[in-house]
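*Asks:* could you look at this predicted model? Sequence included:
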Amino acid sequence: MTVDLDPRDVWRIEETAQRRGITPGEVLRAELSTRRSHLERNDRIRARVLAGMTDKQIADELGVGVTSIRDIRQKQLRLPANRIRSERKTA
C-alpha cells in the first residue's frame with residue numbers, strides 16, 4: 001500500500017516509533033485504523049441525519065451522548081439539526 005504523507009506527519013510518526021520502540025509502519029497502521037473508525041462513526045451519523053433523525057434519536061440508537069452527536073454533526077459534518085415537527089390539532 002502507498003500512502004502520501006506530509007513531511008511533518010512522517011517526522012511525527014518516526015519520532016513516535018522511536019519513542020515507543022516500534023516500527024513507523026506500526027504507528028501508521030494504528031493511526032489509520034483510528035481514523036477509519038472515526039470515519040465509519042461519522043458516516044453512520046451522517047446517514048441518520050440525512051434520514052431525518054434528531055440528535056436525540058441518533059444518540060439513543062448509537063448509545064452515545066446527545067452533545068457528542070451534536071458536535072460531530074455541526075463541526076465535522078456541517079449538517080443542520082433535524083427537528084421533530086409538532087402536529088397541530090385542528091378543530
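*Replies:* Yes, it's here.
*Asks:* and the helix ranked longest in the chain, what's its mean pLDDT?
*Replies:* Longest helix of the chain, by residue count under DSSP state H: helix 24-50. Helix 24-50 comes out with an average pLDDT of 88.
*Asks:* tell me the helix or strand right after that helix.
*Replies:* Under the assignment DSSP states H and E, the closest C-terminal helix or strand after helix 24-50 is helix 55-62.
*Asks:* now for that following helix, which elements pack on it?
*Replies:* Judged by 3 or more CB pairs under 8 Å, 6 or more residues apart in numbering; DSSP states H and E, the packing partners of helix 55-62 are helix 24-50, helix 66-71. (C-beta placed from N, C-alpha, C; glycine too.)
*Asks:* can you put the ones you listed in JSON lines and add distance to Q18 and mean neighbour count?
*Replies:* Converted to JSON lines, the helices and strands packed on helix 55-62 look like this (distance: least, CB to CB, whole Å; neighbours: other CB atoms under 10 Å):
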{"stretch": "helix 24-50", "distance to Q18": "9", "mean neighbour count": "13"}
{"stretch": "helix 66-71", "distance to Q18": "34", "mean neighbour count": "15"}
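*Asks:* any chance of CSV for those helices, columns distance to D6?
*Replies:* Listed next are these as CSV, based on distance: least, CB to CB, whole Å:
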stretch, distance to D6
helix 24-50, 13
helix 66-71, 26
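*Asks:* three-state assignment of A81?
*Replies:* coil (DSSP: H, G, I helix; E, B strand; the rest coil).
*Asks:* ok, it - contacts?
*Replies:* Neighbouring residues of A81 by CB atoms under 8 Å, 6 or more residues apart in numbering: T54, D55, R70, R73, Q74.
*Asks:* highest neighbour count among the residues you listed?
*Replies:* D55 (23 neighbours; other CB atoms under 10 Å).
*Asks:* ok, that one - contacts?
*Replies:* Here D55 is in contact with V66, I69, R70, R73, A81, N82 (criterion: CB under 8 Å, 6+ apart).
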